[in-house]
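Student: What follows is a predicted structure for the sequence shown.
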Amino acid sequence: MLHIGGARTALFNWLYARHTGGKFILRIEDTDQARNTQEAVDVIFRGMRWLGLDWDEGPDGKGGTAGDRGPYFQSQRADIYRSYLEKLKATGRTYEDGGALKFKMPKTPGVVRDLVCGEVTFDRTMEPDLVVQRKDGSPVFHFVNVVDDLEMGITHVIRGEDHLTNTHKHIALYEALGAAPPQFAHIPLILNRGGSKMSKRDEGAALGFYEEAGYLPAALRNYLCLLGWSPGENQEILPIAELIQRFDLPHINRSNARFDGDKLFWMNGEYWRSLSEAEFRKFADDYLQRTRPKISQMDPALLQRLLPLIREKVRTGREMAEWLDPYLGSEYDYSDEAKKKQLNTPEAAKWLNSLSTAFGALAGTWDDAAVEGACKKVAEEAGAKPAKVIHLVRAAVSGRTVGPSLFGLLTALGRETTLARLERTQKELAAGRLVAA
RNA sequence: GGCCCUAUCGUCUAGCUGGUUAGGACACGGCCCUCUCAAGGCCGGUGCACGGGUUCGAGUCCCGUUAGGGCUACCA
């Protein structure tokens, strides 16, 4: 999976590169053989693309490569690591211990000049030496990381704060190799609701979770920016161009931030409503195609009538799909609440009867006003408030107690379908199948 | 345990070099609107972790305590 924290780190790097006119490089650190699968790499490509983070150098995700400092997979850079290992050995600052190769850590204070954290000094008098090559001959992460950043001409490393205390070791390695270290910026971590580091097992820890739930990438991207960074001036909803223009390192916070799903949900709603009709249609088509295979059997015209009504009531793709479910076929379930509150009432059968008659009499015109008139007439004759009748109709035609505004819904469904659905409910009711569990 | 980082409403944050009725957003509560649900409008409560300093004056600077997080692998 692509971890939400990793995605946020990638986003900050991307924003910084775009803000400064630099290059954003994607490198796949696939040295863990057990977890290194094509599938795992594809998840990264997909997630990056979904979030809109295009990279200037790295694997293109289709088997090709962009940039001339590759290969961009660590698993393919063994020769490079070997030669750097020789280079390091030649400095005389390494020694063998138990079959492994160790780098002698300097005993001088380790100073990290960080673009976010400022100057942080580590006392190394007690610092153990660093293993750079394992007994089995493979180089360790800290070493390959330094080599790759060096070889790839990396100027800025923006990474999670969990690396801050390792950075002085990296700097020591750069110095031993006679190279100037890049600039570092350590950004605060994303915490779960409980306040500890977001782990794989936390709900919403995977970027894919948001795609599946039908969130808008732009909304998540915007939300993620605000975790540990603020443009000030009380602005929160920022279009991507403005994000790029305003993003900078000095305004990054030093303290960790909890992930607040509620706020993301709200923000998604903001983006959801600001989508143009065409954008929304494209999103809805894609999402429904993927999550509701049955959609292809639905009358496209009906779908197009329903979608705008549903859109204004919900804020994610998943909600949209669920609201659409009752209309995907002629079969639909009745919720317990609908049964209990609306259908299982003394007057339900009688009212449904009147409604069928009233709607049936609407021969020529079938629009919001006509439907509303019919509902009100039935309510008046029954001596009830229109709301009561309206709720009953919604339950009867959708099996739900919540849904789009009723008159618009019935108009969208059409007279025939509405009547068929009323009839279905009447039959179910008569057969005693609408008793709440 | 050692080392490093952090500490403003429940949450995300604004608060640049000390003087604010400590601002915004989410969430929450109330009211309005209302056919449910949303959306929208109005109103509201809640906060500078604690203790010492420095100073005429501290959310802002210093120290300590406490709390949280991270690192401390022949993991990445």
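Tutor: Sure, I can see it.

Student: got the residues of the stretch 101-250 of chain A near RNA strand B?
Tutor: Residues of the stretch 101-250 of chain A lying close to RNA strand B (C-beta under 7 Å from any atom of the strand) are A:117-118, A:120-123, A:126, A:128, A:131, A:134-136, A:138, A:140-142, A:161-166, A:188-189, A:191, A:195-197, A:226-228, A:230, A:232-234, A:236. From N, CA and C alone the C-beta is placed, and that goes for glycine too.

Student: one more time with 6 Å, if that's ok
Tutor: Within the stretch 101-250 of chain A, the residues that sit near RNA strand B (C-beta under 6 Å from any atom of the strand) are A:117, A:120, A:122-123, A:128, A:131, A:134-135, A:140-141, A:161-162, A:164-166, A:189, A:195-197, A:226-228, A:230, A:232, A:234, A:236.

Student: Which ones among those residues lie within helices?
Tutor: Applying DSSP state H to these, the entries found in helices are A:141, A:164-166.

Student: mind giving me TSV with those and columns for pLDDT and neighbour count?
Tutor: Putting those into TSV (pLDDT from 0 to 100; neighbours: other C-beta atoms under 10 Å) gives the following:
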residue	pLDDT	neighbour count
A:F141	94	12
A:L164	95	18
A:T165	95	13
A:N166	95	15
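
Student: returning to what we had before: out of the residues of the stretch 101-250 of chain A next to RNA strand B, which sit inside strands?
Tutor: Among these, the members falling in strands (DSSP state E) are A:120, A:122, A:131.

Student: what's the closest residue to the second one other than its chain neighbours in contact with, if anything?
Tutor: The spatially closest residue to A:F122, leaving aside those adjacent along the chain, is A:G110, at 4.1 Å (C-beta to C-beta, 6 or more residues apart in numbering). Counting by C-beta atoms under 8 Å, 6 or more residues apart in numbering, A:G110 touches A:121-122, A:124, A:127, A:168-169, A:171-172.

Student: what's the burial count for the closest residue to A:G414 other than its chain neighbours?
Tutor: If the residues on either side of it in the chain are set aside, A:G414 comes closest to A:W366, at 6.8 Å by C-beta to C-beta, 6+ apart. A count of nearby residues for A:W366, using other C-beta atoms under 10 Å, gives 17.

Student: of the residues of the stretch 101-250 of chain A next to RNA strand B, buried ones?
Tutor: A:117, A:120, A:131, A:140, A:161, A:164, A:189, A:226-228 (16 or more other C-beta atoms under 10 Å).

Student: Distance to A:P182 added to the residues you listed, as a markdown table?
Tutor: As requested, those are exported to a markdown table (distance: C-beta to C-beta, whole Å):
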| residue | distance to A:P182 |
| --- | --- |
| A:C117 | 15 |
| A:V120 | 16 |
| A:V131 | 23 |
| A:V140 | 19 |
| A:E161 | 17 |
| A:L164 | 15 |
| A:L189 | 21 |
| A:L226 | 26 |
| A:L227 | 24 |
| A:G228 | 21 |
